[in-house]
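> please find the sequence and the predicted model below.
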Amino acid sequence: MDLRTQLFIAGQYVDATSGETIPVLNPATGQLIAHVQKASRDDLKQAIAAADLAFKTVWGPLNPYQRSALLHKVGDAIMANQEFLAQVETDDVGKPIFESRNIDVASAAATFHYFADICVEVTGHVQPSPYNDVLDYTIHEPIGVVGAIIPWNFPFLTAARKIASALAAGNTMVIKPASWAPLSTLLFGELFREAGMPAGVLNIVPAGGGDTGTVFAESTTIDEVSFTGSTEVGEWLSSACAPQLKGCTLELGGKSPGIVLPDCDLEETVAGTLFGAFLNQGECCCALTRLIVHADVYDAVVSRFVAGARAIPVGLPRDEATRLGPLVHPEHLKTVMDYVAAGRAEGATLLCGGHVLNQGALAAGSFMEPTVFADVTPSMRIWREEIFGPVVVIAKAASTAELVQLANDTCYGLAASIWTTNLKSAHTLARQVRAGTVWFNLHNFVFPSAPYGGYGASGIGRELGKQGMLALTRTKNVMVSLFPGGFKWY
(Lines give C-alpha, C1' and ligand atoms only; values in the text may rest on other atoms or scores of the structure.)
Protein backbone atom coordinates (compact mmCIF):
# COMPACT_ATOMS: atom_id res chain seq x y z
CA MET A 1 0.00 0.00 0.00
CA ASP A 2 1.30 3.47 -0.91
CA LEU A 3 0.23 7.03 -0.15
CA ARG A 4 -2.49 8.38 -2.42
CA THR A 5 -2.86 12.03 -3.39
CA GLN A 6 -5.61 11.88 -6.04
CA LEU A 7 -9.37 11.92 -5.65
CA PHE A 8 -11.15 8.56 -5.35
CA ILE A 9 -14.27 8.55 -7.55
CA ALA A 10 -16.23 5.60 -8.96
CA GLY A 11 -13.66 3.10 -7.74
CA GLN A 12 -10.62 4.83 -9.28
CA TYR A 13 -8.02 7.34 -8.18
CA VAL A 14 -8.38 10.28 -10.58
CA ASP A 15 -6.86 13.72 -11.05
CA ALA A 16 -8.72 16.80 -9.86
CA THR A 17 -9.91 19.16 -12.56
CA SER A 18 -9.02 22.23 -10.49
CA GLY A 19 -5.27 21.89 -11.00
CA GLU A 20 -4.89 22.95 -7.36
CA THR A 21 -3.27 21.03 -4.51
CA ILE A 22 -3.34 21.02 -0.71
CA PRO A 23 0.05 20.90 1.07
CA VAL A 24 0.16 18.32 3.88
CA LEU A 25 2.77 18.90 6.60
CA ASN A 26 4.23 16.54 9.18
CA PRO A 27 3.47 18.36 12.46
CA ALA A 28 6.47 16.77 14.19
CA THR A 29 9.02 18.01 11.68
CA GLY A 30 7.29 20.78 9.77
CA GLN A 31 8.30 19.05 6.56
CA LEU A 32 6.06 18.56 3.56
CA ILE A 33 4.67 15.04 3.27
CA ALA A 34 2.71 15.44 0.06
CA HIS A 35 0.61 17.69 -2.14
CA VAL A 36 -2.93 16.30 -2.23
CA GLN A 37 -5.07 17.20 -5.23
CA LYS A 38 -7.93 19.56 -4.44
CA ALA A 39 -11.35 18.77 -5.86
CA SER A 40 -13.29 21.42 -7.72
CA ARG A 41 -17.05 21.82 -7.46
CA ASP A 42 -17.35 19.86 -10.70
CA ASP A 43 -15.31 17.04 -9.15
CA LEU A 44 -17.62 17.03 -6.13
CA LYS A 45 -20.64 16.78 -8.38
CA GLN A 46 -19.02 13.92 -10.31
CA ALA A 47 -18.43 12.07 -7.04
CA ILE A 48 -22.05 12.60 -6.01
CA ALA A 49 -23.24 11.24 -9.38
CA ALA A 50 -21.02 8.17 -8.94
CA ALA A 51 -22.44 7.55 -5.47
CA ASP A 52 -25.99 7.95 -6.76
CA LEU A 53 -25.42 5.49 -9.59
CA ALA A 54 -23.86 2.96 -7.22
CA PHE A 55 -26.77 3.32 -4.82
CA LYS A 56 -29.34 2.71 -7.52
CA THR A 57 -27.57 -0.09 -9.37
CA VAL A 58 -25.17 -2.04 -7.13
CA TRP A 59 -25.37 -1.20 -3.44
CA GLY A 60 -29.01 -0.46 -2.77
CA PRO A 61 -30.17 -3.73 -4.38
CA LEU A 62 -27.84 -5.86 -2.21
CA ASN A 63 -29.44 -7.67 0.69
CA PRO A 64 -28.07 -7.06 4.22
CA TYR A 65 -26.12 -10.33 4.26
CA GLN A 66 -24.25 -9.33 1.11
CA ARG A 67 -23.47 -5.89 2.53
CA SER A 68 -22.36 -7.50 5.78
CA ALA A 69 -19.86 -9.78 4.05
CA LEU A 70 -18.26 -6.88 2.17
CA LEU A 71 -18.07 -4.66 5.26
CA HIS A 72 -16.34 -7.48 7.14
CA LYS A 73 -13.79 -7.63 4.32
CA VAL A 74 -13.05 -3.93 4.78
CA GLY A 75 -12.47 -4.51 8.50
CA ASP A 76 -10.11 -7.36 7.65
CA ALA A 77 -8.25 -5.18 5.13
CA ILE A 78 -7.75 -2.48 7.75
CA MET A 79 -6.13 -4.91 10.17
CA ALA A 80 -4.02 -6.45 7.42
CA ASN A 81 -2.56 -2.98 6.81
CA GLN A 82 -2.63 -1.81 10.43
CA GLU A 83 1.02 -0.78 10.77
CA PHE A 84 1.18 1.22 7.55
CA LEU A 85 -2.11 2.96 8.31
CA ALA A 86 -0.92 3.80 11.83
CA GLN A 87 2.30 5.29 10.50
CA VAL A 88 0.41 7.43 7.99
CA GLU A 89 -1.98 8.65 10.69
CA THR A 90 0.90 9.49 13.02
CA ASP A 91 2.85 11.39 10.37
CA ASP A 92 -0.27 13.20 9.17
CA VAL A 93 -1.80 14.19 12.52
CA GLY A 94 1.06 14.03 15.01
CA LYS A 95 -0.53 11.56 17.40
CA PRO A 96 1.77 9.01 19.08
CA ILE A 97 2.20 5.81 17.09
CA PHE A 98 1.04 3.84 20.15
CA GLU A 99 -2.34 5.60 19.91
CA SER A 100 -2.62 5.41 16.12
CA ARG A 101 -2.02 1.68 16.12
CA ASN A 102 -4.02 0.61 19.18
CA ILE A 103 -6.85 3.15 19.21
CA ASP A 104 -7.42 4.72 15.80
CA VAL A 105 -6.71 1.87 13.39
CA ALA A 106 -7.82 -1.00 15.63
CA SER A 107 -11.06 0.81 16.51
CA ALA A 108 -11.73 1.60 12.85
CA ALA A 109 -11.53 -2.10 12.00
CA ALA A 110 -13.78 -2.96 14.94
CA THR A 111 -16.27 -0.36 13.73
CA PHE A 112 -16.59 -2.01 10.31
CA HIS A 113 -17.00 -5.44 11.90
CA TYR A 114 -19.63 -4.12 14.32
CA PHE A 115 -21.77 -2.53 11.62
CA ALA A 116 -21.29 -5.58 9.40
CA ASP A 117 -22.77 -7.64 12.23
CA ILE A 118 -25.77 -5.44 13.01
CA CYS A 119 -26.79 -4.47 9.48
CA VAL A 120 -28.55 -7.84 9.19
CA GLU A 121 -30.60 -6.89 12.26
CA VAL A 122 -32.27 -3.85 10.69
CA THR A 123 -35.77 -5.21 10.83
CA GLY A 124 -39.19 -3.64 10.86
CA HIS A 125 -42.02 -4.34 13.26
CA VAL A 126 -45.59 -5.48 13.00
CA GLN A 127 -47.77 -2.76 14.47
CA PRO A 128 -50.95 -3.46 16.42
CA SER A 129 -53.98 -2.73 14.26
CA PRO A 130 -57.46 -1.78 15.44
CA TYR A 131 -58.84 -3.99 12.66
CA ASN A 132 -58.25 -7.73 12.49
CA ASP A 133 -58.40 -7.49 8.71
CA VAL A 134 -55.50 -5.02 8.35
CA LEU A 135 -51.87 -6.06 8.65
CA ASP A 136 -49.65 -3.10 9.53
CA TYR A 137 -45.85 -3.29 9.51
CA THR A 138 -42.79 -1.09 9.09
CA ILE A 139 -39.58 -1.46 7.08
CA HIS A 140 -36.34 0.56 7.20
CA GLU A 141 -35.06 1.80 3.86
CA PRO A 142 -31.72 3.53 3.16
CA ILE A 143 -31.82 7.28 2.65
CA GLY A 144 -29.64 7.28 -0.48
CA VAL A 145 -26.42 9.28 -0.83
CA VAL A 146 -24.78 10.62 2.34
CA GLY A 147 -22.31 13.49 2.19
CA ALA A 148 -19.77 13.43 5.02
CA ILE A 149 -17.30 16.07 6.18
CA ILE A 150 -14.73 15.02 8.78
CA PRO A 151 -12.20 16.79 11.04
CA TRP A 152 -8.44 16.40 11.33
CA ASN A 153 -8.11 15.08 14.90
CA PHE A 154 -9.17 11.44 14.35
CA PRO A 155 -9.46 11.37 10.57
CA PHE A 156 -9.18 7.63 9.94
CA LEU A 157 -11.41 6.59 12.83
CA THR A 158 -14.03 9.29 12.21
CA ALA A 159 -14.15 8.35 8.53
CA ALA A 160 -14.59 4.69 9.48
CA ARG A 161 -17.52 5.51 11.76
CA LYS A 162 -19.35 7.54 9.15
CA ILE A 163 -18.62 5.19 6.25
CA ALA A 164 -19.42 1.93 8.03
CA SER A 165 -22.71 3.09 9.54
CA ALA A 166 -23.94 4.70 6.31
CA LEU A 167 -23.06 1.71 4.13
CA ALA A 168 -24.47 -0.80 6.62
CA ALA A 169 -27.81 1.01 6.38
CA GLY A 170 -27.66 0.60 2.59
CA ASN A 171 -26.52 4.11 1.63
CA THR A 172 -23.55 5.22 -0.46
CA MET A 173 -21.21 8.04 0.49
CA VAL A 174 -19.15 11.00 -0.67
CA ILE A 175 -16.66 12.01 2.02
CA LYS A 176 -14.45 15.07 2.30
CA PRO A 177 -11.28 14.58 4.39
CA ALA A 178 -9.81 17.34 6.53
CA SER A 179 -7.41 19.55 4.60
CA TRP A 180 -4.78 19.40 7.35
CA ALA A 181 -4.91 15.58 7.54
CA PRO A 182 -6.34 13.92 4.42
CA LEU A 183 -3.85 11.10 3.84
CA SER A 184 -5.31 8.25 5.89
CA THR A 185 -8.85 8.90 4.67
CA LEU A 186 -7.68 8.69 1.04
CA LEU A 187 -6.38 5.18 1.76
CA PHE A 188 -9.94 3.94 2.22
CA GLY A 189 -10.05 3.79 -1.57
CA GLU A 190 -7.25 1.21 -1.52
CA LEU A 191 -8.92 -0.71 1.30
CA PHE A 192 -12.25 -0.79 -0.54
CA ARG A 193 -10.64 -2.10 -3.69
CA GLU A 194 -8.76 -4.72 -1.67
CA ALA A 195 -12.06 -5.80 -0.10
CA GLY A 196 -13.82 -6.05 -3.49
CA MET A 197 -16.29 -3.26 -2.79
CA PRO A 198 -18.36 -2.14 -5.81
CA ALA A 199 -17.19 1.02 -7.55
CA GLY A 200 -18.90 4.24 -6.49
CA VAL A 201 -20.09 3.04 -3.09
CA LEU A 202 -17.47 5.28 -1.48
CA ASN A 203 -16.03 8.43 -3.06
CA ILE A 204 -13.29 10.53 -1.41
CA VAL A 205 -12.82 14.17 -2.37
CA PRO A 206 -10.30 16.44 -0.64
CA ALA A 207 -11.69 19.93 -1.21
CA GLY A 208 -12.28 23.33 0.30
CA GLY A 209 -14.69 23.23 3.22
CA GLY A 210 -16.88 26.05 1.91
CA ASP A 211 -17.14 24.51 -1.54
CA THR A 212 -18.02 21.10 -0.15
CA GLY A 213 -20.62 22.36 2.27
CA THR A 214 -22.29 24.45 -0.42
CA VAL A 215 -22.33 21.63 -3.00
CA PHE A 216 -23.62 19.09 -0.46
CA ALA A 217 -26.33 21.44 0.79
CA GLU A 218 -27.51 22.47 -2.68
CA SER A 219 -27.36 19.03 -4.30
CA THR A 220 -30.71 17.42 -5.01
CA THR A 221 -28.96 14.04 -4.96
CA ILE A 222 -27.32 14.24 -1.52
CA ASP A 223 -30.02 13.11 0.90
CA GLU A 224 -28.21 13.55 4.23
CA VAL A 225 -25.17 15.50 5.42
CA SER A 226 -23.04 14.17 8.28
CA PHE A 227 -20.60 16.70 9.73
CA THR A 228 -18.07 16.54 12.53
CA GLY A 229 -16.28 19.80 13.32
CA SER A 230 -16.71 23.20 14.89
CA THR A 231 -20.00 24.57 16.18
CA GLU A 232 -19.70 27.65 13.98
CA VAL A 233 -19.40 25.64 10.77
CA GLY A 234 -22.13 23.27 11.95
CA GLU A 235 -24.53 26.18 12.41
CA TRP A 236 -23.80 27.44 8.89
CA LEU A 237 -24.17 23.99 7.35
CA SER A 238 -27.48 23.37 9.11
CA SER A 239 -28.81 26.66 7.75
CA ALA A 240 -27.56 25.83 4.25
CA CYS A 241 -29.38 22.47 4.32
CA ALA A 242 -32.61 23.92 5.68
CA PRO A 243 -34.15 25.20 2.39
CA GLN A 244 -34.28 21.62 1.07
CA LEU A 245 -35.33 20.22 4.46
CA LYS A 246 -32.24 18.04 4.14
CA GLY A 247 -31.18 15.90 7.09
CA CYS A 248 -28.07 17.12 8.86
CA THR A 249 -26.29 15.19 11.62
CA LEU A 250 -23.89 17.43 13.53
CA GLU A 251 -21.21 16.32 15.98
CA LEU A 252 -19.71 19.60 17.11
CA GLY A 253 -17.60 21.14 19.85
CA GLY A 254 -17.30 20.33 23.52
CA LYS A 255 -16.10 21.61 26.85
CA SER A 256 -16.51 18.43 28.83
CA PRO A 257 -16.29 18.45 32.63
CA GLY A 258 -14.75 15.90 34.95
CA ILE A 259 -16.71 16.01 38.22
CA VAL A 260 -14.69 14.81 41.22
CA LEU A 261 -16.58 13.87 44.38
CA PRO A 262 -15.04 13.65 47.86
CA ASP A 263 -15.32 9.85 47.94
CA CYS A 264 -13.33 9.31 44.73
CA ASP A 265 -10.44 6.87 44.51
CA LEU A 266 -7.54 9.32 44.20
CA GLU A 267 -5.22 7.09 42.20
CA GLU A 268 -7.95 5.98 39.79
CA THR A 269 -9.24 9.54 39.41
CA VAL A 270 -5.89 11.10 38.60
CA ALA A 271 -4.94 8.39 36.10
CA GLY A 272 -8.35 8.53 34.40
CA THR A 273 -8.62 12.30 34.23
CA LEU A 274 -5.12 12.61 32.77
CA PHE A 275 -6.14 10.23 29.98
CA GLY A 276 -9.36 12.16 29.48
CA ALA A 277 -7.52 15.46 29.26
CA PHE A 278 -4.41 14.71 27.23
CA LEU A 279 -5.28 11.85 24.86
CA ASN A 280 -4.39 12.93 21.32
CA GLN A 281 -2.80 16.14 22.66
CA GLY A 282 -6.22 17.19 23.97
CA GLU A 283 -7.42 17.47 20.36
CA CYS A 284 -10.63 15.58 21.15
CA CYS A 285 -14.19 16.89 20.91
CA CYS A 286 -15.05 15.17 24.18
CA ALA A 287 -11.74 15.84 25.98
CA LEU A 288 -11.89 16.49 29.71
CA THR A 289 -11.10 20.20 29.59
CA ARG A 290 -12.76 21.36 32.81
CA LEU A 291 -11.77 19.54 36.02
CA ILE A 292 -14.26 20.43 38.76
CA VAL A 293 -13.15 19.16 42.16
CA HIS A 294 -14.94 19.07 45.50
CA ALA A 295 -13.18 21.21 48.11
CA ASP A 296 -12.66 18.24 50.45
CA VAL A 297 -10.23 16.58 48.01
CA TYR A 298 -9.19 19.58 45.94
CA ASP A 299 -5.61 19.89 47.14
CA ALA A 300 -4.91 16.16 46.93
CA VAL A 301 -6.38 15.79 43.45
CA VAL A 302 -4.82 18.90 42.00
CA SER A 303 -1.30 18.21 43.30
CA ARG A 304 -1.38 14.67 41.92
CA PHE A 305 -2.93 15.77 38.62
CA VAL A 306 -0.27 18.43 38.04
CA ALA A 307 2.52 16.00 38.89
CA GLY A 308 1.02 13.51 36.43
CA ALA A 309 0.73 16.13 33.68
CA ARG A 310 4.37 17.11 34.11
CA ALA A 311 5.40 13.45 33.81
CA ILE A 312 3.67 12.75 30.48
CA PRO A 313 6.36 11.84 27.92
CA VAL A 314 6.26 14.49 25.17
CA GLY A 315 8.25 13.57 22.10
CA LEU A 316 8.43 12.59 18.48
CA PRO A 317 5.26 10.67 17.61
CA ARG A 318 7.07 7.76 15.93
CA ASP A 319 8.78 7.02 19.27
CA GLU A 320 6.96 4.13 20.98
CA ALA A 321 7.47 5.78 24.40
CA THR A 322 5.81 9.07 23.41
CA ARG A 323 2.39 9.72 24.88
CA LEU A 324 1.92 13.34 23.77
CA GLY A 325 3.01 14.45 20.32
CA PRO A 326 2.78 17.74 18.42
CA LEU A 327 -0.38 19.66 17.69
CA VAL A 328 -1.66 19.10 14.17
CA HIS A 329 -0.50 22.36 12.54
CA PRO A 330 1.53 25.49 13.36
CA GLU A 331 -1.60 27.62 12.98
CA HIS A 332 -3.42 25.51 15.53
CA LEU A 333 -0.48 25.70 17.94
CA LYS A 334 -0.68 29.49 17.72
CA THR A 335 -4.42 29.38 18.47
CA VAL A 336 -3.90 27.23 21.56
CA MET A 337 -1.04 29.40 22.82
CA ASP A 338 -3.27 32.46 22.40
CA TYR A 339 -5.67 30.80 24.85
CA VAL A 340 -2.79 30.23 27.27
CA ALA A 341 -1.97 33.93 27.07
CA ALA A 342 -5.64 34.79 27.64
CA GLY A 343 -5.76 32.60 30.75
CA ARG A 344 -2.77 34.37 32.22
CA ALA A 345 -4.15 37.79 31.34
CA GLU A 346 -7.53 37.04 32.93
CA GLY A 347 -5.95 36.02 36.23
CA ALA A 348 -5.97 32.22 36.19
CA THR A 349 -3.08 30.52 38.01
CA LEU A 350 -0.77 28.57 35.72
CA LEU A 351 0.20 25.41 37.63
CA CYS A 352 2.29 23.78 34.93
CA GLY A 353 3.14 24.00 31.24
CA GLY A 354 2.16 26.95 29.13
CA HIS A 355 5.22 26.91 26.88
CA VAL A 356 6.05 25.85 23.34
CA LEU A 357 8.66 23.10 23.18
CA ASN A 358 11.16 24.07 20.50
CA GLN A 359 14.47 22.62 21.59
CA GLY A 360 16.47 19.67 20.29
CA ALA A 361 14.54 17.04 18.35
CA LEU A 362 11.30 18.98 18.86
CA ALA A 363 12.56 22.25 17.43
CA ALA A 364 10.90 22.01 14.03
CA GLY A 365 7.50 20.72 15.19
CA SER A 366 4.33 22.10 16.78
CA PHE A 367 4.95 20.88 20.32
CA MET A 368 3.79 22.37 23.61
CA GLU A 369 3.78 21.31 27.25
CA PRO A 370 0.73 19.80 28.98
CA THR A 371 -0.81 22.87 30.56
CA VAL A 372 -2.96 23.21 33.70
CA PHE A 373 -4.68 26.33 35.05
CA ALA A 374 -6.29 26.70 38.48
CA ASP A 375 -8.43 29.45 40.03
CA VAL A 376 -10.47 29.56 36.84
CA THR A 377 -13.87 31.25 36.91
CA PRO A 378 -16.80 30.81 34.49
CA SER A 379 -16.31 34.32 33.12
CA MET A 380 -12.90 33.45 31.65
CA ARG A 381 -12.44 32.54 27.99
CA ILE A 382 -10.46 29.43 28.91
CA TRP A 383 -13.53 28.18 30.81
CA ARG A 384 -16.11 29.02 28.19
CA GLU A 385 -14.43 28.40 24.81
CA GLU A 386 -13.20 25.18 23.25
CA ILE A 387 -9.39 25.26 23.20
CA PHE A 388 -8.80 21.87 21.51
CA GLY A 389 -5.32 21.35 22.87
CA PRO A 390 -3.47 20.01 25.94
CA VAL A 391 -4.91 22.63 28.27
CA VAL A 392 -7.02 21.84 31.36
CA VAL A 393 -8.75 24.34 33.63
CA ILE A 394 -9.58 23.52 37.26
CA ALA A 395 -12.31 24.90 39.51
CA LYS A 396 -13.20 24.18 43.14
CA ALA A 397 -16.75 23.44 44.33
CA ALA A 398 -17.98 23.56 47.92
CA SER A 399 -20.87 21.11 47.46
CA THR A 400 -22.29 18.48 45.14
CA ALA A 401 -24.88 20.99 43.96
CA GLU A 402 -22.12 23.41 42.98
CA LEU A 403 -20.25 20.63 41.16
CA VAL A 404 -23.30 20.06 38.96
CA GLN A 405 -23.94 23.77 38.51
CA LEU A 406 -20.40 24.38 37.30
CA ALA A 407 -20.47 21.29 35.06
CA ASN A 408 -23.61 22.55 33.33
CA ASP A 409 -22.31 26.12 33.02
CA THR A 410 -21.53 25.76 29.31
CA CYS A 411 -23.29 26.04 25.97
CA TYR A 412 -21.87 22.60 25.11
CA GLY A 413 -23.09 19.19 26.19
CA LEU A 414 -21.08 16.49 24.48
CA ALA A 415 -19.73 14.46 27.38
CA ALA A 416 -18.95 14.44 31.10
CA SER A 417 -17.34 12.13 33.62
CA ILE A 418 -18.12 11.53 37.28
CA TRP A 419 -15.42 10.31 39.65
CA THR A 420 -16.77 8.58 42.73
CA THR A 421 -16.82 5.22 44.51
CA ASN A 422 -20.51 5.66 45.33
CA LEU A 423 -22.74 4.22 42.59
CA LYS A 424 -25.82 5.91 44.02
CA SER A 425 -24.13 9.31 43.66
CA ALA A 426 -22.94 8.45 40.17
CA HIS A 427 -26.37 7.44 38.87
CA THR A 428 -28.02 10.42 40.56
CA LEU A 429 -25.60 12.92 39.06
CA ALA A 430 -25.77 11.30 35.63
CA ARG A 431 -29.41 12.43 35.41
CA GLN A 432 -28.49 15.97 36.42
CA VAL A 433 -25.53 16.54 34.07
CA ARG A 434 -26.43 17.91 30.66
CA ALA A 435 -24.36 15.76 28.30
CA GLY A 436 -24.84 13.15 25.60
CA THR A 437 -22.36 10.73 27.19
CA VAL A 438 -21.66 10.37 30.91
CA TRP A 439 -18.82 8.18 32.12
CA PHE A 440 -18.26 6.87 35.65
CA ASN A 441 -14.55 6.68 36.54
CA LEU A 442 -13.75 6.78 32.80
CA HIS A 443 -13.30 9.42 30.14
CA ASN A 444 -12.74 9.33 26.36
CA PHE A 445 -14.10 5.83 25.84
CA VAL A 446 -16.21 5.62 22.66
CA PHE A 447 -17.41 2.24 21.36
CA PRO A 448 -18.97 1.38 17.97
CA SER A 449 -22.03 0.04 19.81
CA ALA A 450 -22.59 3.17 21.94
CA PRO A 451 -24.67 6.05 20.52
CA TYR A 452 -22.59 9.23 20.48
CA GLY A 453 -23.65 12.86 20.23
CA GLY A 454 -24.33 15.95 22.26
CA TYR A 455 -26.73 18.52 23.65
CA GLY A 456 -26.87 22.23 22.84
CA ALA A 457 -23.91 23.60 20.89
CA SER A 458 -22.40 20.10 20.74
CA GLY A 459 -24.72 19.12 17.92
CA ILE A 460 -27.82 17.36 16.66
CA GLY A 461 -28.44 13.66 16.22
CA ARG A 462 -26.51 10.55 17.18
CA GLU A 463 -23.81 8.49 15.51
CA LEU A 464 -22.69 4.93 16.24
CA GLY A 465 -24.71 2.08 17.68
CA LYS A 466 -27.90 0.73 16.20
CA GLN A 467 -29.48 4.12 16.88
CA GLY A 468 -26.89 5.87 14.71
CA MET A 469 -27.35 3.41 11.86
CA LEU A 470 -31.16 3.62 11.95
CA ALA A 471 -30.86 7.41 11.81
CA LEU A 472 -29.51 6.89 8.28
CA THR A 473 -32.67 5.08 7.19
CA ARG A 474 -36.26 6.08 6.50
CA THR A 475 -39.10 4.25 8.18
CA LYS A 476 -41.87 3.17 5.82
CA ASN A 477 -45.24 2.02 7.10
CA VAL A 478 -47.05 -0.65 5.05
CA MET A 479 -50.71 -1.62 5.45
CA VAL A 480 -52.18 -4.71 3.82
CA SER A 481 -55.90 -5.39 3.44
CA LEU A 482 -57.00 -8.82 4.62
CA PHE A 483 -60.72 -8.00 4.32
CA PRO A 484 -62.59 -10.91 2.68
CA GLY A 485 -63.65 -9.55 -0.72
CA GLY A 486 -61.97 -6.24 -0.02
CA PHE A 487 -62.98 -3.23 2.09
CA LYS A 488 -66.30 -1.69 1.04
CA TRP A 489 -67.42 1.62 2.50
CA TYR A 490 -69.90 2.74 -0.12
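That came through, no problem. None of these values were measured; they are calculated from a predicted model.
> for residue 212, which non-adjacent residue is spatially closest?
Leaving aside its sequence neighbours, residue 212 sits nearest to residue 176 (C-beta to C-beta, 6 or more residues apart in numbering; 4.5 Å). Bear in mind the C-beta positions are built from the backbone N, C-alpha and C, glycine included.
> ok, now which ones touch the one you found?
39, 147, 148, 149, 150, 204, 205, 206, 207, 209, 212 (C-beta atoms under 8 Å, 6 or more residues apart in numbering).
> what is the neighbour count of the first one?
Each residue near residue 39 was counted by other C-beta atoms under 10 Å, and the total is 31.
> wait, it sits on residue 203?
No - counting by C-beta atoms under 8 Å, residue 39 sits too far from residue 203 to count as a contact (9.9 Å).
> what's the overlap in contacts for these two?
Common neighbours of residue 39 and residue 203, using C-beta under 8 Å, 6+ apart, are 7, 47.
> partners of the closest residue to residue 310 other than its chain neighbours in the sheet?
Nearest non-adjacent residue to residue 310, counting by C-beta to C-beta, 6+ apart: residue 352, 5.3 Å away. Counting by DSSP bridges, residue 352 is bridged to residue 372.
> residue contacts, the residue nearest to the spatial centre of the chain?
The centre of the chain sits closest to residue 158, judged by C-alpha atoms, centre = their mean, with a distance of 4.8 Å. Contacts for residue 158 (C-beta under 8 Å, 6+ apart) come out as 150, 151, 228.
> from what I can see the second one touches residue 178, true?
Yes - assessed by C-beta under 8 Å, residue 151 is found in contact with residue 178 at 5.4 Å.
> direction included, what does the strand or helix carrying residue 392 pair against?
Per DSSP states H and E, residue 392 falls inside strand 391-397. With DSSP bridges as the test, strand 391-397 is paired with strand 288-294 (parallel), strand 371-374 (parallel).
> all helices for the stretch 51-200 of the chain, in order.
Counting by DSSP state H, counting those that start in this stretch, the stretch 51-200 of the chain has helices at residues 64-80, 82-93, 97-99, 106-118, 155-168, 183-186, 188-195.
> just give me the neighbour total for residue 266.
With neighbours defined by other C-beta under 10 Å, the count for residue 266 comes to 14.
> measure it to residue 294 for me?
As judged by C-beta to C-beta, to the nearest Å, residue 266 and residue 294 stand 12 Å apart.
> just residue 379 next, same as before
As judged by C-beta to C-beta, residue 379 and residue 294 stand 22 Å apart.
> so these two - more neighbours on which side?
residue 294 (22 against 9).
> so the more buried one touches residue 395, yeah?
No - with contact defined as C-beta under 8 Å, residue 294 does not reach residue 395; the gap is 10.7 Å.
> what mean pLDDT does stretch 243-255 have?
Taken as a whole, stretch 243-255 has an average pLDDT of 95.
> and that stretch, what's buried?
Neighbour-count burial for stretch 243-255, counted by 16 or more other C-beta atoms under 10 Å, picks out 246, 247, 248, 249, 250, 251, 252, 253, 254, 255.
> which of the three states applies to the fourth one?
Here residue 249 is recorded as strand under DSSP: H, G, I helix; E, B strand; the rest coil.
> could you measure from it over to residue 438?
Using C-beta to C-beta, residue 249 is found at 21 Å from residue 438.
> what kind of secondary structure is residue 316 in?
Per three-state DSSP, residue 316 ends up coil.
> for residue 79, list the residues it contacts.
Taking C-beta under 8 Å, 6+ apart, we find residue 79 in contact with 105, 106, 109.
> highest neighbour count among these?
Neighbour counts for these peak at residue 105, which has 26 neighbours (criterion: other C-beta under 10 Å).
> surely that one meets residue 86?
Yes - Residue 105 lies in contact with residue 86 (C-beta under 8 Å); the separation is 5.0 Å.
> what is in contact with the two at once?
In contact with both residue 105 and residue 86: no residue, using C-beta under 8 Å, 6+ apart.
> ok, back up a step: nearest to residue 166, of the contacts of residue 79?
residue 109 (17.1 Å; C-beta to C-beta).
> show me what contacts that closest one?
75, 76, 78, 79, 82, 160.
> repeat that for residue 356.
333, 337, 367, 368 are the contacts of residue 356 under C-beta under 8 Å, 6+ apart.
> secondary structure, pLDDT and neighbour count for the residues you listed - can I get that in TSV?
Output for the contacts of residue 356, formatted as TSV (DSSP: H, G, I helix; E, B strand; the rest coil; pLDDT from 0 to 100; neighbours: other C-beta atoms under 10 Å):
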residue	secondary structure	pLDDT	neighbour count
333	helix	98	20
337	helix	98	18
367	strand	98	27
368	strand	98	26
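> and the furthest pair within those?
Of all pairs drawn from the contacts of residue 356, the greatest distance, 11.3 Å, lies between 337 and 367 (C-beta to C-beta).
> name all residues that make contact with residue 235.
Shown in contact with residue 235 (C-beta under 8 Å, 6+ apart): no residues.
> quick one: it and residue 248, what's the gap?
Separation of residue 235 from residue 248 (C-beta to C-beta): 11 Å.
> what does residue 389 give?
For residue 389, the distance to residue 248 - C-beta to C-beta - is 28 Å.
> any weak-confidence spans in this structure?
Low-confidence segments of the chain (pLDDT under 70): none present.
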